[in-house]
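Participant: what follows is a predicted structure for the sequence shown.
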Amino acid sequence: MALDPATVKAILLAAEKVATDRNVRNMVICAVLVPFIVILLILASPFAIFFAVTGGGVGVESLPISTVMQNLKYEFSQRIEAEQIPEDGIDDIQLTIMGSEDGTIIDNSGDVLALFAVETNTDNENGEQVAMLNEKQITRLKEIYRDMNIVAVKIEEIEKEILTETAGENGKTKTESTTVTRKIKKVYVDSLTCEEVVDGFDFNEIQLKLLAEIRSSEYAMLMSGATGRHGNTVLTQEQISKIRAMLPPDLDLQRERVVMAAYSIVGKVNYFWGGKSHVIGWDSRWGEMREVTSPGSSSTGTSRLFGLDCSGYVTWVFINAGVPVENINDTVGHGVTRQWELSLPISEQQVLPGDIAVFYIPGTRKINHVGIVVSIERDDKIMVAHCASGSNNVVVTEAKATGFRYFRRPVVLTQEITIKH
């Protein structure tokens, strides 16, 4: 199924001459990876049994890539569960999923498969098909997956003073202090991204560009769809109606109000992991030194100027645009995942101010990011307001240049919402 490596190299070099043509780049990607992606999807579907019967099935020396990935993910989950089994001498076990806003395990299968596919299909000397894996390929895929999915353990001893009161002479109480040592087992789960490990692959410039294309929205959606994540999530009409029913019948939620609220704190509020606010207008806590208590970030446990995280900013904007606080989690959502689930997929051509933009499909990458579209500039450049950790503030940047790949329409902004004051 794979192209001859020399042919692949020739196609890629030719494409470099016209790299500004998106259609040509798509043709190159398809020529290199269609055998891999199509069979991956087939093997992950009910057609897998038919595929096996017609001669593409599992042999003694080969396995379908979907089976290998499923086994690796199961093995990873078992490793995590094993570290959480109570042990003698351990008083408490704390699990932290790095980069996860809701504590769920990150499924970075798309990143693993992208790296594996580029390495395997564009190897100038040893290019091979990757739909049915031989023993050598299985070993390599396992190495990549395990290097990118890490379970680390740290044991900490914490001393705590306990005060107890006992009845003393003459009816007086006596306070005694006892120091107790508690042993805490901290389990850290880290699912790495392409960017964090790609230096170890020694890819050339063309392979790096190919990898970047695979991680673009079209192909990332295919990868994530095959691994059962949020890629193909679409709300039913019944679900949409249920969400709308939670909103006041006279709600006036104009896109202009959303954009005005988004712009109102640009350059004024610091980034703070786990930072949320339901305050109408300025939150007096912003700018105060506070400890970061939400797990999953390198800043957890440090003191920072309080502010908002990216999804907290989106929530605050919609509250200040008119969405009632009491049902904000069921209409707009807290967290990138929830905001994705309460919105509908749209194309770049359909984007309007007030829609949201997201870096990655939820659950497929750690440290996801979300913002609000505030304008469409000349040359169809989509401008997004977002609370960014890199800038440590609310900023407005161009979507593609920043890394926003997906655009969604919050259900509260669909056409069926009536406009009234």
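Facilitator: Structure received.
Participant: could you check how far the closest residue to Leu352 other than its chain neighbours is from Phe306?
Facilitator: Of all residues not flanking Leu352 in the chain, Arg255 sits nearest, at 6.3 Å (Cβ to Cβ, 6 or more residues apart in numbering). Every residue, glycine included, has its C-beta placed from N, CA and C. Arg255 sits 29 Å away from Phe306, going by Cβ to Cβ, to the nearest Å.
Participant: ok, the two, which is more surrounded?
Facilitator: Taking neighbours as other Cβ atoms under 10 Å, Arg255 and Phe306 compare with Phe306 leading, 20 against 16.
Participant: all helices of the stretch 51-200 of the chain, in order?
Facilitator: Using DSSP state H, counting those that start in this stretch, the helices found in the stretch 51-200 of the chain span residues 65-82, 109-121, 135-148, 194-197.
Participant: return the most buried member of those helices.
Facilitator: helix 109-121 (a mean of 24; mean count of other Cβ atoms under 10 Å).
Participant: CA atoms of that one as CSV?
Facilitator: Listed next in CSV are the C-alpha coordinates belonging to helix 109-121 (Å, rounded to 0.1, in the frame of the first residue of the first chain):
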residue,chain,number,x,y,z
SER,A,109,-3.1,8.7,19.8
GLY,A,110,-3.4,11.2,16.9
ASP,A,111,0.0,12.6,17.7
VAL,A,112,1.5,9.1,18.1
LEU,A,113,0.1,7.9,14.8
ALA,A,114,1.2,11.1,13.0
LEU,A,115,4.8,10.7,14.1
PHE,A,116,4.8,7.0,13.4
ALA,A,117,3.2,7.5,9.9
VAL,A,118,5.7,10.2,8.8
GLU,A,119,8.7,8.2,10.1
THR,A,120,7.5,5.0,8.5
ASN,A,121,6.1,6.2,5.2
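Participant: could you check the angle helix 65-82 makes with that helix?
Facilitator: 130 degrees (axes from the mean of the first three to the mean of the last three Cα atoms, to 10 degrees).
Participant: packing partners for helix 109-121?
Facilitator: Counting contacts by 3 or more Cβ pairs under 8 Å, 6 or more residues apart in numbering; DSSP states H and E, helix 109-121 packs against helix 22-43, helix 65-82, helix 135-148, helix 194-197, helix 205-214, helix 217-226.
Participant: please repeat the previous calculation with a cut-off of 7 Å.
Facilitator: Counting contacts by 3 or more Cβ pairs under 7 Å, 6 or more residues apart in numbering; DSSP states H and E, helix 109-121 is packed against helix 22-43, helix 135-148, helix 194-197, helix 205-214, helix 217-226.
Participant: for the record, mean pLDDT for the shortest one?
Facilitator: Read that as helix 194-197. Mean pLDDT, computed over helix 194-197, is 89.
Participant: could you give the separation of it from the chain centroid?
Facilitator: Mean-position distance between helix 194-197 and its chain equals 14 Å (Cα atoms, centre = their mean, to the nearest Å).
Participant: same question, stretch 335-349
Facilitator: Computed by Cα atoms, centre = their mean, the separation of stretch 335-349 from the middle of its chain amounts to 13 Å.
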